[in-house]
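In: All I have is the shape, not the residue letters:
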């Protein structure tokens, strides 16, 4: 039986030792990298330039009740960022007799809002001229429409000056028109006493 020289055994053992050491080092480096990845939080992916990430809240639809001088009155679903113009178009658009001067089409919709599109009253401009007897200068012959009156017509009402008349127009535009005469109570400067003197002199 032949024996391997002792010198060869020592040389093979050293080669194996080098291989084992290299393998152990590689395993240690891989393990260290894996542990580092486990400890470090993931970096969020960058979004392309110009792209905005939508954040929660305020993105739901709005339900708006469109009524008055429109082709298809009803409740319509529109985006929460839409304007009154979009809600009216969803209702088929305004009719030929609609008076859109009393509606702020650029106002933003609100969920649960009612939009009243007023209609022009035929012959409303001639009411004062057809009334019996002469009319005192500056007086209003009959009830005027809150949804179509001009600032000059409102200014003629007793107890309503230019400032309050402008507030009435601003409120009308902001809320899409008056739904009832009682809405005057929501305007600053019109208290219960003044409203009592006005309610018979105005109409829808």
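Out: It's in. In this text the structure is predicted, and so the values were computed from the model without any measurement.

In: Return the helix or strand in the protein with minimum mean pLDDT.
Out: Scoring the helices and strands of the chain by mean pLDDT, DSSP states H and E places helix 127-130 at the bottom, with a mean of 38.

In: And the next helix or strand past that helix?
Out: strand 144-145 (DSSP states H and E).

In: which helices and strands does that next one pack with?
Out: Applying 3 or more C-beta pairs under 8 Å, 6 or more residues apart in numbering; DSSP states H and E, we find strand 144-145 packed against strand 202-203. Every C-beta, even on glycine, is put in place using the N, C-alpha and C of the backbone.

In: The strand it packs on pairs with which strands, parallel or anti?
Out: In the sheet containing strand 202-203, its partner strands are strand 144-145 (parallel), by DSSP bridges.

In: Can you name the residues in contact with the partner strand?
Out: 118, 121, 124, 153, 154, 157, 201, 202, 203, 204 (C-beta atoms under 8 Å, 6 or more residues apart in numbering).

In: average model confidence for it?
Out: Averaging pLDDT along strand 144-145 yields 83.

In: same check, this time on stretch 33-48
Out: Averaging pLDDT along stretch 33-48 gives 54.

In: Which residue, neighbours along the chain excluded, lies closest to residue 70?
Out: Spatial nearest neighbour of residue 70, chain neighbours left out: residue 91 (4.2 Å); criterion: C-beta to C-beta, 6 or more residues apart in numbering.

In: shouldn't the one you found be in contact with residue 75?
Out: No: look at residue 91 against residue 75 with C-beta atoms under 8 Å: they stay out of range, at 9.5 Å.

In: any common contacting residues for these two?
Out: residue 66.

In: Just want to know which of the two has more residues nearby.
Out: Applying other C-beta atoms under 10 Å to residue 91 and residue 75 shows that residue 91 carries more neighbours, namely 21 against 13.
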